[in-house]
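Asker: what's the 3D shape of this:
(chains A and B)
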Amino acid sequence: MSELGSKTTVNWQQVAAELAQLIPRDSLLTSKEELVPYECDGLSVQKQRPALVALPNTIEEIQKVLKLCHYRKIPVVARGAGTGLSGGAMPLENGLLLSLAKFNRILKIDALNRTAVVEPGVRNLAISEAVDHLNLYYAPDPSSQIACTIGGNVAENSGGVHCLKYGLTVHNVLGIKFLNMEGELIEIGGNRLDSPGYDLLALMHGSEGLLGIIVEVTVKLLPKPEVAQVVLAAFDDIEKAGQAVADIIAAGIVPAGLEMMDRLAIEAAEAFAKVGYPAVEAILLCELDGTKAGVSDHIKSVEKLVRHAGAIEVRTSRNEAERLRFWAGRKAAFPAVGRLAPDYYCMDGTIPKTALPRVLRQIAKWSEEFQLPVANVFHAGDGNMHPLILYDANKPGELQRTEEFGEKILALCVEVGGTITGEHGVGSEKLDSMCIQFGQLELAQFFAVKHAFDPDGLLNPGKAVPTLHRCAELGRMHVHNGQLPHPELERF
Amino acid sequence: MADISHEIQQQLVDAFQSKSALNITGNNSKTWYGRTSHGLPLNVAGHSGIINYQPSELVIKVRAGTTLSEIADCLDEQRQRLPFDPPYYGEHATIGGTVACNFSGPRRPYAGSCRDFMLGCNMLNGRGESMHFGGEVMKNVAGFDLARLMTGSLGTLGVMLDVSLKVLPHRLSEQTLTIDAGFTEAIEIMNRWATTPLPVTAMAADGEKIYFRICGTPSAVEASRKQIGGLLFEQGLNFWKNLREHQLNYFDDPQPLWRFSLPQAAPHIRIDDTPEAAWFIGWGGAQRWLKSELPFNQIQDIARKAGGDATLFRNGDRSREVFAPLSLPLMQLHKRLKHAFDPAGILNPGRMYEEL
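Answerer: So this is what the prediction gives:
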């Protein structure tokens, strides 16, 4: 598998003509004007115009496109709404971009079994909206949920603010249908809790389009909780807020959401959303949901715990409008921070919660050294941090400095026992950081798995897993006990 | 309490070089599960001990040979537990075997399965190469999720050396209630309750009664109890434990025991000449037990028609297939995946399917 796709020359005019025999002409985009909107996903610093975009209308049409691409050895990149933050859907110069945008139908809602069967291009939030009248909802709520699609959620194993209690996408999907590069339809799982064989369902989650094209998803629906309430606690010291998080967990409480923001993030959010956040060093938002009696008991405990940890102000939402207002600032944190500088770069490392003070201190130190401000928002319950580095891409060298700063943060996350990405994926963005987290044996095993699904290496090649060659060039190749990995695989 | 990973690795490397099949074992509490596998024993029970546990992180990292009881004792001290409520099926059951089988207890539909709480592992593949996947944090999407893939793979893809699992706090208060109902009505009632926000953590039905466990703060449990009615079942604690461990009278039977995995609300299945007492419904309808001498293919047909599949869980002929057949493209993919981890085919060959 080569870096970011095949380098062989493709006669795109001929391919377009062949594709036009297989799918409607208006489902193919070929002109520059048509292709430009597809040149990046949510990671807009990396751009590449695709050679061609196909927007098939049926599974049969996707199969035809894949068969042709397989025959012509053309790499294929799948794309949903293009909201991903790591370049997973960034096109390849010599590849076809396969948009699944037209697959936006909810095929079946099974109220009694609490499941829904949906096409991959259905928006995350649209599922909950469609089952609202049944008092059910789909739990994972990535912040892009208004736009992002379920196919992309599976490909990235998306999280959200409620995943401490309700899990990630992988915990809320029961089955998928996908196509391999030959266009063969493979069904795994279904309308039940488990199925025989290897757990390919888990493997497909977070595989970033490298293993198959997802064409149908069966999701689990949950009953809506009777009530949800939020405690907003303000701290004059971010370490005290961190202590409050540990105390809440230690008390045996599993909040539905547990979010932290630092001073810069609070100020930005307040200026943007005007929700009445106090001007302090840290805010903790702790949401509890469930039965009325249970929530009422836990709210009292949380209020006591945060005060004990040193909160200087504690507010509890008294009604739904107030709960939503408490969240509005946090949910608007990214665009709010975006107003502070021309550009920001969002990091996504996860760390053990106990390492938070150390990591935050180091980030503050680097922030001064690089002269780049950082706002921190943090899924405190599960250790997933989103430092937002503020920069100006128009200033020469500033993007490069930002990326260097970002890589240092990710390396630190690995050093303290965490990971380079909690929910945004590796994509084309974090390939170099992957060389820090994994040694050559692991990378070779990833490639062996990729090879089992996609022997020709045509599905989103070059993303998610760096080649051994790339890591070796960076000088970051780990050698375990002098062992050589899979000799049959192409490398160096 | 020892790290014997180097010995295990050496045995694996030797077996790879001599292409001799291995039969991975722990404390032999689940040798009856899966198909019969032949090979030289590779015992990993000695590789045991808790490596890391910080209660506020909600994560425990343990060597594969650590017993479930040692883990439970350690978590209990901090008022935490393994959320998937693993069955032991034997006093000295290890976490490695539990993860390899992906076994979960009565809490599973409401809390999640063993694989849901699997965060990471160190493992050896079929070449004896030592690798680390996943991690000790709850959110991690770096690289393919090979740690979860190991869950339920019955040792056919690799030898797990240690696993990191998410843990959760103990419930504050629990009560079990019963309501009289036959199977048909039980499925309807259990699924109706499951669509409400009641704090349910287990539901089962034996054809005469529905057993229903609610958990939460004491006042939440009391409020739910008022809402649904039913009789307080004083032996609840023992009942769920005995169900989990297959120690209820129902399970004391030499007949083949089938496990049906079905849509939770799939109607109760009636089979000619099979008494109602041959069934037992767990997991709110998602897992149904059947004692039956009917042939494998006929059972699979029945399960398929009901929207799921069946496993020959205990007893019966274990030299033939025990898991539901996979579609042709799926089996081909399984074989290629097996080859990607175990090119010499030495890890528990045939334990899951004859071809793997």
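
Asker: C-alpha from now on. contacts and neighbour counts both.
Answerer: Noted.

Asker: Okay, strands next: where are they in the stretch 1-150 of chain B?
Answerer: B:22-25, B:40-43, B:50-54, B:59-63, B:80-81, B:118-124, B:130-134 (DSSP state E, counting those that start in this stretch).

Asker: helices or strands up against the last one?
Answerer: It stands for strand B:130-134. With contacts defined as 3 or more CA pairs under 8 Å, 6 or more residues apart in numbering or on different chains; DSSP states H and E, strand B:130-134 has these neighbours: helix A:440-453, strand B:118-124, helix B:146-150.

Asker: can you redo those as a markdown table with mean neighbour count and distance to B:Leu237?
Answerer: Below are the helices and strands packed on strand B:130-134 laid out as a markdown table (neighbours: other CA atoms under 10 Å in any protein chain shown; distance: least, CA to CA, whole Å):
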| stretch | mean neighbour count | distance to B:Leu237 |
| --- | --- | --- |
| helix A:440-453 | 22 | 43 |
| strand B:118-124 | 24 | 26 |
| helix B:146-150 | 24 | 30 |
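
Asker: So for A:Arg318, which of those sits nearest?
Answerer: strand B:118-124 (36.6 Å; CA to CA).

Asker: okay, the angle between that closest one and strand B:59-63?
Answerer: Taking axes from the mean of the first three to the mean of the last three CA atoms, to 10 degrees, one finds strand B:118-124 and strand B:59-63 inclined to each other by 20 degrees.

Asker: Name the residues that touch strand B:118-124?
Answerer: B:9, B:130-138, B:147-148, B:151, B:158-166 (CA atoms under 8 Å, 6 or more residues apart in numbering or on different chains).

Asker: Could you list the paired strands of that strand along with their orientation?
Answerer: If you go by DSSP bridges, strand B:118-124 pairs up with strand B:130-134 (antiparallel), strand B:159-166 (antiparallel).

Asker: Beyond the longest one, next helix or strand please.
Answerer: Following strand B:159-166 in sequence order, the next helix or strand is strand B:168-169 (DSSP states H and E).

Asker: touching chain A at all, that following strand?
Answerer: Yes - Strand B:168-169 is in contact with chain A by CA under 8 Å from any CA of the partner chain, via B:Leu168, B:Pro169.

Asker: Which neighbouring elements make contact with that strand?
Answerer: Here strand B:168-169 touches strand B:80-81, going by 3+ CA pairs under 8 Å, 6+ apart.

Asker: how far is the strand it packs on from where the chain is centred?
Answerer: Relative to its chain's centre, strand B:80-81 lies at 18 Å (CA atoms, centre = their mean, to the nearest Å).

Asker: just checking, what packs against that strand?
Answerer: Using 3+ CA pairs under 8 Å, 6+ apart: strand B:80-81 touches strand B:168-169.

Asker: Format the CA atom coordinates belonging to whichever helix or strand comes after the strand it packs on as PDB.
Answerer: Per DSSP H and E, the first helix or strand lying C-terminal to strand B:168-169 is strand B:173-180. Included here for strand B:173-180 are C-alpha records, laid out as PDB according to Å, rounded to 0.1, in the frame of the first residue of the first chain:
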ATOM      1  CA  SER B 173     -29.900  -0.500  46.000                       C
ATOM      2  CA  GLU B 174     -31.500  -3.400  44.200                       C
ATOM      3  CA  GLN B 175     -34.900  -5.100  44.400                       C
ATOM      4  CA  THR B 176     -36.300  -8.100  42.500                       C
ATOM      5  CA  LEU B 177     -40.000  -8.300  41.800                       C
ATOM      6  CA  THR B 178     -42.100 -11.000  40.200                       C
ATOM      7  CA  ILE B 179     -45.300 -11.000  38.200                       C
ATOM      8  CA  ASP B 180     -47.200 -14.100  37.100                       C
END
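
Asker: Distance of B:Ser29 relative to B:Glu321?
Answerer: Using CA to CA, to the nearest Å, B:Ser29 is found at 21 Å from B:Glu321.

Asker: Ok, A:Glu60 next?
Answerer: When A:Glu60 is compared with B:Glu321 (using CA to CA), they lie 34 Å apart.

Asker: For these two, indicate the residue with more neighbours.
Answerer: Taking neighbours as other CA atoms under 10 Å in any protein chain shown, A:Glu60 and B:Glu321 compare with B:Glu321 leading, 20 against 14.

Asker: OK, contacts around that one?
Answerer: B:Arg35, B:Tyr353, B:Glu354.

Asker: pLDDT added to these, as JSON lines?
Answerer: Shown next, in JSON lines, are the contacts of B:Glu321 (pLDDT from 0 to 100):
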{"residue": "B:Arg35", "pLDDT": "97"}
{"residue": "B:Tyr353", "pLDDT": "98"}
{"residue": "B:Glu354", "pLDDT": "97"}
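
Asker: all helices for chain B, in order.
Answerer: B:5-18, B:68-77, B:95-101, B:108-111, B:146-150, B:183-194, B:218-228, B:236-244, B:296-305, B:328-341 (DSSP state H).

Asker: Can you see whether the second one contacts chain A, counting any residue in it?
Answerer: It stands for helix B:68-77. No - on the criterion CA under 8 Å from any CA, helix B:68-77 is out of touch with chain A, staying 12.0 Å away.

Asker: Also the shortest one?
Answerer: Yes - applying CA under 8 Å from any CA, one finds helix B:108-111 touching chain A at B:Pro109.

Asker: Rounded mean pLDDT for that helix, please.
Answerer: Per-region confidence: helix B:108-111 scores 95 on mean pLDDT.

Asker: Any idea how far that helix is from the middle of the chain?
Answerer: 12 Å.

Asker: Give me the residues contacting it.
Answerer: Under CA under 8 Å, 6+ apart, the answer for helix B:108-111 is A:Leu193, B:Pro83, B:Phe84, B:Asp85, B:Val200, B:Thr201, B:Ala202, B:Trp283, B:Gly284, B:Ala286.

Asker: Is the fifth one bridged to anything, and to what?
Answerer: Note on B:Val200: beta-bridge partners B:Ile214, judged by DSSP bridges.

Asker: which residues touch it?
Answerer: B:Tyr110, B:Ala194, B:Phe212, B:Arg213, B:Ile214, B:Cys215.

Asker: so which helix or strand takes in the most centrally placed residue in chain A?
Answerer: The residue lying closest to the centre of chain A (CA atoms, centre = their mean) is A:His424, at 2.9 Å. Following DSSP H and E, there is no helix or strand that holds A:His424.

Asker: Show the backbone phi and psi for it.
Answerer: phi -90, psi -20 (degrees, to the nearest 10).

Asker: Local confidence estimate at it?
Answerer: Value for A:His424, per-residue pLDDT: 94.

Asker: Residue ranges of each domain in chain B, please.
Answerer: Domain segmentation of chain B under automatic domain parsing yields B:5-169, B:173-314.

Asker: about what we covered before: reformat the strands of the stretch 1-150 of chain B into a markdown table and put mean pLDDT and distance to A:His386 next to each item.
Answerer: Rendered in a markdown table, the data for those read as follows (pLDDT from 0 to 100; distance: least, CA to CA, whole Å):
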| stretch | mean pLDDT | distance to A:His386 |
| --- | --- | --- |
| strand B:22-25 | 97 | 42 |
| strand B:40-43 | 96 | 43 |
| strand B:50-54 | 95 | 23 |
| strand B:59-63 | 98 | 21 |
| strand B:80-81 | 96 | 28 |
| strand B:118-124 | 98 | 20 |
| strand B:130-134 | 96 | 20 |
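
Asker: export those to a markdown table and tack on distance to B:Leu262?
Answerer: A markdown table is the format used below for these (distance: least, CA to CA, whole Å):
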| stretch | distance to B:Leu262 |
| --- | --- |
| strand B:22-25 | 30 |
| strand B:40-43 | 35 |
| strand B:50-54 | 36 |
| strand B:59-63 | 31 |
| strand B:80-81 | 27 |
| strand B:118-124 | 23 |
| strand B:130-134 | 30 |
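
Asker: closest to A:Gly475 out of those strands?
Answerer: It's strand B:130-134; of the strands of the stretch 1-150 of chain B, that one is closest to A:Gly475 (CA to CA) at 19.8 Å.

Asker: residues of that closest one that come out buried?
Answerer: The neighbour-count check on strand B:130-134 (16 or more other CA atoms under 10 Å in any protein chain shown) flags B:Ser130, B:Met131, B:His132, B:Phe133, B:Gly134 as buried.
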